[in-house]
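Chemist: Can you look at this prediction? I've put the sequence above it.
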Amino acid sequence: MRMPTTVLTQEQTKNLLREVLVELLEERRSEFHELIVEAIEEVALANAIRAGRKNEFVGEDEIRAVLEV
């Protein structure tokens, strides 16, 4: 048995997404906050990795010296 399909226009899709996001923000604010924080942390980590690959290698002693300060 084949399930019926629904075709949405771009405008309908935008409106539906907007409604879902508003509902998410209103009803599950803390979960949404955690999701956003996680995403920002992932982007920051990826940027740090990229930046680290462009710079010179830092030795373990230098890292330990910074961490002990």
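Modeler: That came through, no problem. No experiment lies behind these values; they were computed from the predicted model shown. Residues are numbered from 1 along each chain as shown.

Chemist: so where's the protein uncertain?
Modeler: Counting by pLDDT under 70, the chain has low-confidence residues at 55, 69.

Chemist: Recalculate using a threshold of 50.
Modeler: Low-confidence segments of the chain (pLDDT under 50): none present.

Chemist: Could I get the full set of helices for it?
Modeler: The residue ranges that make up the helices of the chain, judged by DSSP state H, are 10-27, 29-54, 60-68.

Chemist: Run through the neighbouring helices and strands of the second one.
Modeler: For helix 29-54, the helices and strands in contact under the criterion 3 or more CB pairs under 8 Å, 6 or more residues apart in numbering; DSSP states H and E are helix 10-27. Using the backbone N, CA and C atoms, a C-beta is placed for each residue, glycine as well.

Chemist: and the helix it packs on, what does it pack onto?
Modeler: Taking 3+ CB pairs under 8 Å, 6+ apart as the contact definition, the neighbouring helices and strands of helix 10-27 are helix 29-54.
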